[in-house]
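[1] Any chance you could fold what I've pasted below:
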Amino acid sequence: MKDNNLVRRLDACETMGGATTICSDKTGTLTQNKMTVIRGWLLGQEFGPDSPFHATAHASPLLQGIAINSTASLTTGDDGNARFVGNKTECALLEFATSLDKSFDADELRHSLPTAAVYAFSSERKNMATSIFTDGKPLPDNFDTPSFPDREITFHVKGASEVVLSMCGSVLQADGSVGVLDGPLRETLTQHIQSMAEDSLRTLAIAYKTSDSARDWTLDGEDAGLVIFGIVGIRDPLRPDVPDAVAKCQRAGIVVRMLTGDNIITAKHIAEACGIYDPAADHICMEGPQFRELSREELDRIAPKLRVMARCSPTDKLTLVAALQRHREVVAVTGDGVNDGPALKKADVGFSMGIAGTDVAKEASAIVLLDDSFASVVSAVRWGRGVFDNVRKFLQFQLTVNFTAILFLFIVIIADPDGRAESAPLKSVQLLWVNLIMDTLAAVALATETAKETVLLNKPYDKNEPLLTAYSARRMIMQVVMQTATFLVVLYAGEDWFSSHKDPLSADDQEAQFGREHYTVAFNVFVFSQLFNEINSRKLKPALNVFKGLGSHQLFVVVWVFAFAVQVMLVTFGGSFSKTTPLSIYQWLGCVGVGMLPLVWTFLWNLLPRWFIYDPSVFISGIMTRFFSGKKRIAAAENSSSDLLRDTEEAFGSPDDDSNGVALHDVNTLAVPGPRAPRPSVEIWQHARWATVTQIGVVNEIKAQTGHRTNGLA
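    So this is what the prediction gives:
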């Protein structure tokens, strides 16, 4: 919980360790979702930080539209201060309206102007609209038809700037008159939109229309005939930790993609600021409408390069997730709306927003981000990889203990000439204690290590990647072989070293191959070897210092010390229950010393060349490939030179045939004397020299006709 990840599906945490791409929303996830109107063009007046907007008496329709066409409201917080709550974009507009007119009261305006129809925001239409009666008459009795003759209805709309602007044919001017939105003015507004988008501002257009109908005029498109109030630019600053979080993802081999409903220019600049989009790289930015027109083949070709999708709808998000999964990508998706549910379900891991997210999105997701921050997604990746690594650590330790115990017991029992079960070096109670170390205590010690930031330096795990890495498997085999060999040496040759000979007076010692004291020594060495190998198992890659980071994993230290202490007590006080006998200080030191050998073997193992400890077959394969490719090159050279010799012989005769009058007697002197055939290099040189001699012969024949002659090779 301290990493702000509420995991609803446990398997999602591990899946995030193999995530290869993250499709993230912009608002609230990459940005702070604290919106403020910064710049704009309203009622023919441009304003900005240095030149604030001066509202006139004719600005009341604008304030009316901001108040009516909104779901945000004013409330009083626990601290007694009034603030707007609801959609952050609408809150920013209401705060802007309040700054223009201190007496502005959105709730009072809504109650005084009866509503005719509300058209909620749609990701397809990219706008929101509300129709109100503005003639002061009471509400009609019948709403079966959107037309109300003899009534004045004002249709207020706000939405994507370029979309709403294309529906407008007029503009409300500063003096309250309505002017024609001609070409030059439309171009001016378009330039304002582009300028604000390049400043990473979200741009919104606000417009209205007066008529006798409450229908949705935006459905008419460019023929809607709306009157535009103007354009506003809203700043939503980036979260301070987002650029660093994106960089961590990229170092971890994860591609971050931004899906937003904003203008493509705004989206590009924000993505550049985050580090998601690089204009110099082979990255693609695309708008939703263009994306929807792609064929499946084009989509599969473009999807891996796509970094930013602007004007993105929930359907576009779902389509992109499916396309990436066809490329064997492990996809994580963030979403907060009701319509994001299908994409969150389709993704390998769905993240919903704990603050701004709807209940539907939370139900569809696997993990809930309690702070809505992208940095928390990176924490999920870190924990996912940490969980997967911890499983690998426990698995390699458990398999080592299992195989070593089985092999050790099998060899000893088979080697006993009398085949006595009492000769087993590990008794039943001792094996139960070994299993307790192997299963319960090792799981607590190895599976609870906190995920380090260093796991983000590795590439994502492949879907089909085995739990045991090549290094872990080879080290495990090495440990099984070396430990088994050590235990056998201690058992069969260690009586003199540990002074643990049979007691001739003990009846128990006579029933087995060795005495109880010696079996206690063997049991002690076995357990200590596993405890020290447990420290080795903390590392999944070659590390000369296996103790590094041990101090930060306090639970591991506590469990390890506990197991060590129980082993001492079991040997010292177990007696007939554990089939052990107390040992001397010398014997204890000897057992601990031999038990530390797995640390020494791992240290020496890690000094070996990397190609050997990871995969010797790669090195051997490389040697064989170079050898056989060398032989193939020699054979190709011989074939090529043979073809050359055959062609020249056909044209000018063989080296032994001097019918062409050329002195060739010295060529054969290059052959290696004796029965051994010439080396390929010598043969190649002979053929090359023969070709040269032939060329000289041709030149001599030409010059002979003119009375000149060229000497042969010396």
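[2] And the helices in the stretch 301-450 of the chain?
    With helices called from DSSP state H, counting those that start in this stretch, the stretch 301-450 of the chain shows them at 314-326, 341-346, 359-364, 374-415, 428-436, 442-446.
[3] Tell me how far the fifth one lies from the chain's centre.
    It refers to helix 428-436. Helix 428-436 has its C-alpha centroid displaced from the chain centroid by 42 Å (CA atoms, centre = their mean, to the nearest Å).
[4] cool, the first one as well?
    Its chain's average C-alpha position is 17 Å from that of helix 314-326, according to CA atoms, centre = their mean.
[5] ok, now how distant is C23 from F523?
    Computed with CB to CB, to the nearest Å, the distance linking C23 and F523 is 56 Å. All C-beta spots, glycine's among them, are computed from the backbone N, C-alpha and C.
[6] still on that earlier bit, want to throw the helices of the stretch 301-450 of the chain into TSV with mean neighbour count and distance to Q587?
    Below are these laid out as TSV (neighbours: other CB atoms under 10 Å; distance: least, CB to CB, whole Å):
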stretch	mean neighbour count	distance to Q587
helix 314-326	20	61
helix 341-346	21	62
helix 359-364	18	61
helix 374-415	20	20
helix 428-436	16	17
helix 442-446	21	26
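[7] would you list these in CSV and tack on mean pLDDT and distance to T89?
    Below are the helices of the stretch 301-450 of the chain laid out as CSV (pLDDT from 0 to 100; distance: least, CB to CB, whole Å):
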stretch, mean pLDDT, distance to T89
helix 314-326, 94, 18
helix 341-346, 94, 22
helix 359-364, 92, 18
helix 374-415, 92, 20
helix 428-436, 89, 59
helix 442-446, 89, 49
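[8] In a markdown table: those, plus distance to T145.
    Converted to a markdown table, the helices of the stretch 301-450 of the chain look like this (distance: least, CB to CB, whole Å):
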| stretch | distance to T145 |
| --- | --- |
| helix 314-326 | 32 |
| helix 341-346 | 34 |
| helix 359-364 | 33 |
| helix 374-415 | 48 |
| helix 428-436 | 79 |
| helix 442-446 | 70 |
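[9] Could you tell me the model confidence score at R110?
    R110 is assigned a pLDDT of 88 by the prediction.
[10] oh, I was asking about M196
    Listed pLDDT for M196 reads 93.
[11] What lies in contact with stretch 85-103?
    27-28, 33-37, 53, 55, 59, 62-63, 66-67, 70-75, 84, 104, 106, 158, 202, 204, 232, 234, 236 (CB atoms under 8 Å, 6 or more residues apart in numbering).
[12] For the nearest residue to A443 once chain neighbours are set aside, which residues are in contact?
    Of all residues not flanking A443 in the chain, F394 sits nearest, at 5.8 Å (CB to CB, 6 or more residues apart in numbering). Applying CB under 8 Å, 6+ apart, we find F394 in contact with 442-443, 446-447, 537.
[13] that older thread, tell me the buried residues within the contacts of stretch 85-103.
    By neighbour count, with 16 or more other CB atoms under 10 Å, the contacts of stretch 85-103 hold 27-28, 33, 35, 37, 53, 55, 59, 62-63, 66-67, 70, 72, 74, 84, 104, 106, 158, 202, 204, 232, 234, 236 as buried.
[14] Okay, and which of those residues map to helices?
    With DSSP state H as the criterion, helices contain 62-63, 66-67, 106 from among the buried ones among the contacts of stretch 85-103.
[15] Pick out the most distant pair among these.
    L62 and A106 (12.9 Å; CB to CB).
[16] per-residue confidence averaged over stretch 518-531?
    pLDDT averaged over stretch 518-531 gives 94.
[17] ugh, typo on my part, it should be stretch 40-59
    87.
[18] now the ones in helices among the buried ones among the contacts of stretch 85-103 in TSV, with distance to D336?
    Listed next are those as TSV, based on distance: CB to CB, whole Å:
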residue	distance to D336
L62	29
L63	29
I66	24
A67	25
A106	24
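[19] Can I get these in TSV including pLDDT?
    Output for those, formatted as TSV (pLDDT from 0 to 100):
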residue	pLDDT
L62	92
L63	92
I66	93
A67	92
A106	88
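[20] Would you mind checking which of the contacts of F394 is nearest to L6?
    The closest of the contacts of F394 to L6 turns out to be A447 (CB to CB; 21.0 Å).
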